[in-house]
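> Need coordinates for the following:
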Amino acid sequence: MSGALAWVRAANRTGRPEEDRGLRVAVACAVGVSVLGVAVTGAAPLTDAVVVTPLLAAGFAWSHVRRAADNSAMKALLALGALLALWRFFGAVQVSASLDDTRQPLAQLFLAVQVLHAFDVPARRDLGFSLAASLTLVALAGTATTGLSFGFVLALYLGIAAWASAGLQRSSARQRAEALSPITALIAAPDAGRAADSAPGAALRTAATALGLLVAAGLVFSVLPTPARARLAGLPFSPLPGAALPDAGVVNPALPFAGLQAGGDSVGSEATGYFGFAEYMDLRTAGHPSDDPVLRVRVDRPRLLRGIVFDTYDGRSWQRSSAQPEALTGPPVELAEPLGDLAQRRQVTTTVELLADTPNLYFAPADALRVWSAGSVAQWDDGTLTTGATHGAGTVYSVVSQIDVTPVERLRAATPARDHLSDTDRARYLQLPPALPQRVRDLAEDLTVGIDTPYGRAEAVQAWLGEHVEYALGEPPPPGGADVVDHLLFTSRRGWCEPIATSMTVLLRAAGVPARVATGFQPGTRQPITGWWTVRASEAHAWSEVWVPGHGWVAFDPTGAVPLALDPDPPAPRPPLFAALAWLRARVPALDADPLAVALLAVAAALGGAALGGAALALRPALRLRALARLGRRPPATPFARLLRLLAQRGLPAEPWRTPREVAAAARLARADLPPDALSTLVQEEEARRYAPTTHSCELAAHAEHALRELADTLRR
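As a prediction, the model looks like this:
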């Protein structure tokens, strides 16, 4: 038993403790930034990061104090802690429904590993492992980011990691210097790393280190459970449903009250939730949704995310007439096939993660075929999908849809000869209020005269709205009793997406084309790091859906054809820098989506400039030698050649046929006070230059320079 314990202690004994405190601080800072990354992106709970940070600092401090001690007892405790961390990880992933759900437990596991390992990093190789393991945390943070602000953390991490990598190189150089001789090590060790960094070879090593960091992070990122890998194979969804809701149709927790009754007063513009996600939508309010992210969406072909459909218009609001269907449970829940056997469709899978509490709607491209969710699914006859449970932040569901990719030419040629719409549904989607002003009907007739197909009529109406209506959120509501569509088309000519979509729908109905209004979200902004689409509350939207015989419901977004209302006072000329930023934002939409993107761009530019400057300084000696060669001048003499010159000046000339070893031996006989280790270093460096160029190194040249200075000081005495 004692022999086994002795073997274990020998195997875990620290070979050579690391004495460089600066290196330890650099590695600890790199690990700390990686912890910050998983915290700010949500890859790990913020509470975990708050607990881990002081433990990391304590662990690195403990390791430095105990760097030369026997830590066998501590290693045993750390091994037990690692087993507990693994037990916690496997317990968490057992209830995961997909690979995507394992991201947070995986981040927590790596945080635990970093904390445990921080208490046992006595040597350079242990610090190198901590630095390499921090790459995994950075990659995990990248899989969870919803904006370019993660790039700021990444830039900070790469800068500190490069600092730590340079420290590891200096430590390695010192240890190699100590292998030459004890006296040379004492002379060269303090500046060995610094001298090596000033040579061209150091620039190449630094560039290789930076490239290696990026490649390693990319490899780790590629094997982590990212949404791109989970979207088709796993069809992610949350394992547990939300709290049960009463059978009350659409429930929107963001509205100040459960819903509005038809004919009631206007909500006004104080509502912070989107008023279009309810059983009743008042067109006299625009609302003020925030810019906070509410959805993260993974989809191959971005489309409008339909939430709810309205079919009954009363002149100032929309209502729903569908009867609530029976809820089904899965997963998956198979839904009815979409109407329209002539449509050319493509199947896509959409994974949605809720970043905030949302209505009990499933947001997905039309038309849905299958839903993967822990909650129930009710498919209304208008295509609306609801659940009988709350949809809280953190909920994940997946929807398989068949999107319409029919060429426009075929849609324009579709006629009512082959129609799957029943007479009841046709009357339902042609409904108009009896009090609709006649001039609205006349305008619809004028716009569609001579056009026989529903799709062609829809294009004509949308084109007219684009030419005659402007988009503006600040317009006052219509006066009491006025029809919203009539007011927009003939009085204000300005409005927001709900009145604009309503105007198109009403004009088409007046022209005999079945149409309806749908609300949901725009596709959002794609994040280049993760491939997720980030959807904000302010991207809630309304559009028209037009019935095209043989193809089903086709979405039209008339707001997209409407120009923005221009500011009557033109802006003052901007400085060139602001003009350049505006030009860049117009070509990189992600910069507008994330306020920190501009700061990230500035940091990246600064780091790039610093890297170029550092490379130029590192390559300066090589460039100088090349310039001297072009001028026909000889490069500076080697350290041994300068030693020969010093010896000749002191009356100790050396015959040119003597070898370096013979010259050193003769000089030692003539001057017994010459340091033998310094002479040995110069001889070793000269022999490497002459006979083994592949073994010559910048470190060896630096040691030779220090040895030459020591010999010069001795010869001058």
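> burial of the closest residue to residue 127 other than its chain neighbours, as a residue count?
Among residues not flanking residue 127 along the chain, residue 27 sits closest, at 4.7 Å (Cβ to Cβ, 6 or more residues apart in numbering). For every residue, glycine as well, the C-beta is placed using N, CA and C. Residues lying near residue 27 (other Cβ atoms under 10 Å) number 29.
> and the gap between residue 27 and residue 468?
The gap separating residue 27 from residue 468 is 65 Å, by Cβ to Cβ, to the nearest Å.
> before we move on, what about residue 392?
Separation of residue 392 from residue 468 (Cβ to Cβ) stands at 43 Å.
> How about residue 70?
Taking Cβ to Cβ, one finds residue 70 at 85 Å from residue 468.
> model confidence over stretch 652-663, on average?
Averaged over stretch 652-663, pLDDT sits at 82.
> Equivalent analysis for stretch 32-48, please.
82.
> Can you show me the CA trace of that stretch as CSV?
Taking C-alpha atoms only, stretch 32-48 is exported to CSV below (Å, rounded to 0.1, in the frame of the first residue of the first chain):
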residue,chain,number,x,y,z
GLY,A,32,-11.5,35.4,-16.0
VAL,A,33,-12.4,37.0,-19.4
SER,A,34,-13.6,33.6,-20.7
VAL,A,35,-15.8,33.4,-17.6
LEU,A,36,-17.1,36.9,-18.3
GLY,A,37,-17.9,35.8,-21.9
VAL,A,38,-20.2,32.9,-20.8
ALA,A,39,-21.9,35.1,-18.3
VAL,A,40,-22.7,38.0,-20.6
THR,A,41,-23.9,35.8,-23.4
GLY,A,42,-26.1,33.6,-21.1
ALA,A,43,-24.2,30.4,-21.9
ALA,A,44,-23.9,30.0,-18.1
PRO,A,45,-26.0,31.5,-15.2
LEU,A,46,-24.7,34.8,-14.0
THR,A,47,-24.7,33.5,-10.4
ASP,A,48,-22.3,30.8,-11.4
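> Relative to the whole chain's centre, how far out is it?
Mean-position distance between stretch 32-48 and its chain equals 14 Å (Cα atoms, centre = their mean, to the nearest Å).
> swap in stretch 124-137?
Counting by Cα atoms, centre = their mean, stretch 124-137 comes out at 22 Å from the chain centroid.
> can you list the residues that contact it?
16, 18, 23-24, 27, 30-31, 33-35, 37-38, 63, 107, 110-111, 113-114, 117-118, 120-121, 157, 161, 164-165, 168, 171-172, 175, 213, 216-217, 220 (Cβ atoms under 8 Å, 6 or more residues apart in numbering).
> Show me how to select, in PyMOL, the buried members of those residues.
Remark: buried members of the contacts of stretch 124-137, expressed as a PyMOL selection using 16 or more other Cβ atoms under 10 Å:
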select buried, resi 18+23+24+27+30+31+33+34+35+37+38+63+107+110+111+113+114+117+118+120+121+157+161+164+165+168+171+172+213+217+220
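> Any idea how many residues pack against residue 319?
Neighbour tally, residue 319, other Cβ under 10 Å: 17.
> Would you list the phi and psi of it?
phi -130, psi 170 (degrees, to the nearest 10).
> which residues does residue 648 contact?
Counting by Cβ under 8 Å, 6+ apart, residue 648 makes contact with residue 654.
> just residue 38 next, same as before
Residue 38 sits next to 44, 49, 107, 111, 137, 140-141, 144 when contact means Cβ under 8 Å, 6+ apart.
> Tell me which two of those sit farthest apart.
Farthest-apart pair in the contacts of residue 38 is 111 and 144; separation 13.7 Å (Cβ to Cβ).
> Okay, buried residues for the longest helix belonging to the chain please.
Identified as the longest helix of the chain according to DSSP state H is helix 150-178. For helix 150-178, a neighbour-count test (16+ other Cβ under 10 Å) marks 150-174, 176-178 as buried.
> Same question for stretch 131-144.
In stretch 131-144, counting by 16+ other Cβ under 10 Å, buried: 131, 133-144.
> remind me which residues of the chain are low pLDDT?
In the prediction, the chain carries residues with pLDDT under 70 at positions 1-15, 93-101, 145-149, 174-248, 256-273, 287, 416-418, 529-530, 561-637.
> Let me see the backbone angles for residue 680.
As for residue 680, its main-chain torsions (degrees, to the nearest 10) stand at phi -60, psi -40.
> Good, we can wrap up now.
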